[in-house]
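**Q** need a structure here:
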Amino acid sequence: MTATPQNTRISAALHQQDWATLDTLLTHLTNTEFRKAERMLRDEVLPTLPNDDFWAAYLHLIIYKRQAFLSGIRAVGRLAQERTLRFDTPPAQQVADTLDQPQALKVIDMALPLMQNQSQITGLFRLFHIDDEHRRVTLLIRIDTPLAYYMLFRALCHIPDNRTLALRCYRFILRRQNDRAYNMASILRTYFGLHEAKEQLSLRIEPYELSFLDRNYERFCYVLDGKRPKI
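**A** So this is what the prediction gives:
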């Protein structure tokens with residue numbers, strides 16, 4: 001986006017955490033100018049900030065105008081890739097305390113596919129108090145990535161009397177109709193003994209190979225990619 005003197009001042013105020021000046025600048029924008037400033041902050045400024053500065057800026061922006069800046073959470077993608085994302089800073093906790101439940105779920109939906117490892121997903125869930133495994137399953141099953149599938153698998157393993165839920169997940173995942181989804185469905189069918197699931201799936205896992213699946217993420221991905229476990 002082409003820089004304008006106005007947007008340069010807005011960006012500078014945010015970098016300096018001069019919230020009073022930032023609010024004044026945003027308040028005096030026209031609707032068109034505000035939309036441009038919103039995109040600039042979301043796409044160009046927030047992704048450049050280190051962890052603590054990001055959470056402080058994001059907190060202020062959602063307090064200023066929640067619906068306009070909620071999607072700024074996608075800027076955590078860079079922090080996640082760089083392995084510098086942390087959820088233990090006070091502004092991050094204030095973000096979780098500020099949002100109502102529907103807003104928090106929107107933020108989780110946007111951030112979850114951007115997480116790069118198990119600890120980041122766990123940290124995101126803990127930040128928003130998603131401690132119940134059933135709720136985690138509901139969120140994870142929306143995402144078609146190896147990491148989400150692994151965390152879904154682990155969540156299912158921790159739920160007592162999980163067979164009915166595993167069967168629902170199996171049927172939901174099958175509807176994606178791609179190779180990874182078919183392999184994940186095969187994993188669920190075999191691991192949880194879903195004998196009523198009769199679909200023809202290319203990946204076949206023998207019962208003695210099941211212990212291979214829950215050892216670690218790398219081994220799970222090996223099977224998810226359609227390879228035979230090395231016992």
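
**Q** skipping adjacent residues, who's closest to Leu59 in space?
**A** Pro91 (4.5 Å; Cβ to Cβ, 6 or more residues apart in numbering). The way it works is simple: take the backbone N, C-alpha and C, and place the C-beta from them, glycine included.

**Q** wait, that neighbour sits on Asp52?
**A** Yes: Pro91 lies in contact with Asp52 (Cβ atoms under 8 Å); the separation is 7.1 Å.

**Q** find the residue at the geometric middle of this protein.
**A** Leu112 (0.4 Å; Cα atoms, centre = their mean).

**Q** the host helix or strand of Ala96 - contacts with which helices or strands?
**A** Per DSSP states H and E, Ala96 falls inside helix 90-98. With contacts defined as 3 or more Cβ pairs under 8 Å, 6 or more residues apart in numbering; DSSP states H and E, the packing partners of helix 90-98 are helix 51-64, helix 118-127.

**Q** mind listing what's buried along the longest one?
**A** So the one you mean is helix 51-64. Asn51, Asp53, Phe54, Trp55, Ala56, Ala57, Tyr58, Leu59, His60, Leu61, Ile62 (16 or more other Cβ atoms under 10 Å).

**Q** same question for it, mean pLDDT?
**A** Averaged over helix 51-64, pLDDT sits at 97.

**Q** could you dump that helix to CSV, C-alpha only?
**A** Extracted in CSV, the C-alpha atoms of helix 51-64 (Å, rounded to 0.1, in the frame of the first residue of the first chain):
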residue,chain,number,x,y,z
ASN,A,51,5.8,-10.4,20.6
ASP,A,52,5.1,-8.1,23.5
ASP,A,53,4.6,-5.0,21.2
PHE,A,54,2.2,-6.9,19.0
TRP,A,55,0.0,-7.9,22.0
ALA,A,56,0.0,-4.4,23.3
ALA,A,57,-0.9,-2.9,19.9
TYR,A,58,-3.5,-5.5,19.2
LEU,A,59,-5.1,-5.0,22.6
HIS,A,60,-5.4,-1.3,22.1
LEU,A,61,-6.8,-1.7,18.6
ILE,A,62,-9.5,-4.1,19.6
ILE,A,63,-10.5,-1.8,22.5
TYR,A,64,-10.6,1.1,20.1
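
**Q** and that helix, what other elements does it pack with?
**A** By 3+ Cβ pairs under 8 Å, 6+ apart, helix 51-64 packs against helix 19-27, helix 66-69, helix 76-81, helix 90-98.

**Q** okay, the angle between it and helix 19-27?
**A** 50 degrees (axes from the mean of the first three to the mean of the last three Cα atoms, to 10 degrees).

**Q** great, nothing more from me.
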